[in-house]
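Sequence first, predicted model second:
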Amino acid sequence: MSGEQREELERWAQSRTLPAGDVFRARIILALADGLSYRDIERKLGASSATVALWKSRFERAGMDGLQGQHKGSRPRAATPAIQARVVRRVQQKPSDGSTHWSCRKLAQELGLSKSTVQRILRQAKLKPHRLERYLASNDPQFEQKAADIIGLYLNPPQHAAVFCVDEKSAIQALDRLDPVLPLSPGRAERHGFEYYRHGTLSLYAALNVKTGAVEGKTARRHTSAEFVDFLTRLVKKARWAREIHIVLDNLSAHKTPAVREFLEQNPKVRFHFTPTYSSWLNQVEIWFAKIERDVIARGVFASVADLSRKLMKYIRASAKSARPIRWTYTNPKSRISAAPITGTAH
């Protein structure tokens, strides 16, 4: 062993960045150079006699080059463009076994490829056959005009006017669990029994103030036009300071009855703005309904309909103390809708 070789081997043996195999082989050769026996090396480094003999012979034959790993590894597998096109084309077709969509394993078996290859191709092509997104397109011929009217209310409301988003959440069930609720504990989620008792249902009327984000609410046993008019009457009293009251609501039949038309005639400063068909996303109160569903209803345990009503109203009163307006934005790639002058309809 030359002085240069020893110096290089010592650098290998002390390295923290070289592969572990290179470090191990350098320590074997250095141990042999120091006069250690095979038995001593086996005890010190954990290398078998056959391993020591192998790297000794390679070092004697080729020097430092002989200590390089000689296994080239497996060839990287790359799907050809033809295979990629075949996978992409097949995944967009229905499976022949009657199922609705492909899994990676099923598609791999169909095409005679490995699951990993199929996964890699689908990931590169941004294809996700396991996912499903639903949509609902409005068929309202006046969609753009109605949407622009409502968006204009949100973005540029009239001065000295109140803007409310109104809707009902009907048939809320007062469900009581037959088994005791097991509370949250370290390492265990809260648990509810599967069986329940249904005490009844009620409806929740809500009006979200667009300017403040606060909600006015009312519960009712029945979902009728009379209850809706009563709720509107309460709302008008709350906003008696406003010169105009603009109400965004959907096209439910209970919103267009003779009783509602009579209410509008008696309250000329109230103006209705109906959302286009299948466009509840334009009504901000729907965002708040999703919140109360998560916070109160979905996991709630209610001993009676009255208990359900009490807990809903308690939540509404508590949330009003920290209410904030919804930051409404609307992005349309084609820019087909823009804020329009307020032209509220009263019918």
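That came through, no problem.

low pLDDT regions in the stretch 201-347 of the chain?
Applying pLDDT under 70 to the stretch 201-347 of the chain flags residues 329-347.

Helices of that one, start to end?
Ranges of helices in the stretch 201-347 of the chain, per DSSP state H, counting those that start in this stretch, are 225-238, 258-266, 285-292, 305-320.

other SSEs contacting the shortest one?
Under the contact criterion of 3 or more Cβ pairs under 8 Å, 6 or more residues apart in numbering; DSSP states H and E, helix 285-292 touches strand 161-177, strand 196-209, helix 305-320. Heads up, the C-betas are built off the backbone N, CA and C, glycines and all.

For the shortest one, which strands pair with it and how are they oriented?
Listed by DSSP bridges, the sheet partners of strand 196-209 and their directions read strand 161-177 (antiparallel), strand 215-220 (antiparallel).

So for this structure, which residue is the most central one in space?
Per Cα atoms, centre = their mean, the C-alpha nearest to the average position across the chain is that of Glu133, at 12.0 Å.

how near is Asn283 to Leu182?
Using Cβ to Cβ, to the nearest Å, Asn283 is found at 38 Å from Leu182.

Does Ile121 touch Arg86 like I think?
No. Contact criterion Cβ atoms under 8 Å: Ile121 and Arg86 do not qualify, at 9.2 Å.

Name the surrounding residues that touch stretch 246-261.
Outside stretch 246-261, the residues within contact range by Cβ atoms under 8 Å, 6 or more residues apart in numbering are 150, 153, 157-158, 161-168, 207, 223-226, 228-229, 232, 235, 270-275, 277, 280, 282-285, 342, 344, 347.

Now a PyMOL select for only the buried ones of those residues.
Buried members of the contacts of stretch 246-261, defined by 16 or more other Cβ atoms under 10 Å, are picked up in PyMOL with:
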select buried, resi 150+153+157+158+161+162+163+164+165+166+167+168+207+223+225+228+229+232+235+270+271+272+273+274+275+277+282+283+284+285+342+344
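
Can you read off the pLDDT for Gln70?
With respect to pLDDT, Gln70 scores 68.

ok so, going back, what would the strands paired with strand 196-209 look like in JSON lines with distance to Ile292?
Putting the strands paired with strand 196-209 into JSON lines (distance: least, Cβ to Cβ, whole Å) gives the following:
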{"stretch": "strand 161-177", "distance to Ile292": "8"}
{"stretch": "strand 215-220", "distance to Ile292": "9"}
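
need the helices of the stretch 201-347 of the chain in JSON lines with distance to Gln14, can you?
Shown next, in JSON lines, are these (distance: least, Cβ to Cβ, whole Å):
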{"stretch": "helix 225-238", "distance to Gln14": "80"}
{"stretch": "helix 258-266", "distance to Gln14": "87"}
{"stretch": "helix 285-292", "distance to Gln14": "61"}
{"stretch": "helix 305-320", "distance to Gln14": "65"}
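
List the residues that contact the closest residue to Arg58 other than its chain neighbours.
Leaving aside its sequence neighbours, Arg58 sits nearest to Gly66 (Cβ to Cβ, 6 or more residues apart in numbering; 3.6 Å). Gly66 makes contact with 55, 58-60, according to Cβ under 8 Å, 6+ apart.

List just the nearest of those to Ser322.
Checking the contacts of Gly66 against Ser322 by Cβ to Cβ gives Trp55 as the nearest, at 71.6 Å.

Where does the closest one sit, in terms of helix or strand?
Assigned by DSSP states H and E, Trp55 belongs to helix 49-62.

What residues sit buried inside stretch 25-39?
25-32, 36, 38.

buried ones in stretch 123-136?
Within stretch 123-136, the residues that count as buried by 16+ other Cβ under 10 Å are Pro129.

what does stretch 286-306 give?
For stretch 286-306, a neighbour-count test (16+ other Cβ under 10 Å) marks 286, 288-289, 292, 296-297, 300-302, 305 as buried.

Dump the C-alpha coordinates for it into PDB.
Taking C-alpha atoms only, stretch 286-306 is exported to PDB below (Å, rounded to 0.1, in the frame of the first residue of the first chain):
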ATOM      1  CA  GLU A 286     -75.900  29.400   2.700                       C
ATOM      2  CA  ILE A 287     -72.300  29.800   4.000                       C
ATOM      3  CA  TRP A 288     -73.600  30.500   7.500                       C
ATOM      4  CA  PHE A 289     -76.000  27.500   7.300                       C
ATOM      5  CA  ALA A 290     -73.000  25.300   6.500                       C
ATOM      6  CA  LYS A 291     -71.300  26.700   9.600                       C
ATOM      7  CA  ILE A 292     -74.200  26.100  12.000                       C
ATOM      8  CA  GLU A 293     -74.600  22.600  10.500                       C
ATOM      9  CA  ARG A 294     -71.000  21.800  11.500                       C
ATOM     10  CA  ASP A 295     -71.000  23.500  14.800                       C
ATOM     11  CA  VAL A 296     -74.400  22.600  16.300                       C
ATOM     12  CA  ILE A 297     -76.600  20.300  14.200                       C
ATOM     13  CA  ALA A 298     -74.400  17.500  12.900                       C
ATOM     14  CA  ARG A 299     -73.100  16.200  16.300                       C
ATOM     15  CA  GLY A 300     -75.800  17.700  18.500                       C
ATOM     16  CA  VAL A 301     -77.800  15.600  21.000                       C
ATOM     17  CA  PHE A 302     -81.300  17.100  21.600                       C
ATOM     18  CA  ALA A 303     -83.700  16.000  24.200                       C
ATOM     19  CA  SER A 304     -86.700  17.600  22.500                       C
ATOM     20  CA  VAL A 305     -87.600  19.900  19.700                       C
ATOM     21  CA  ALA A 306     -87.600  22.700  22.300                       C
END
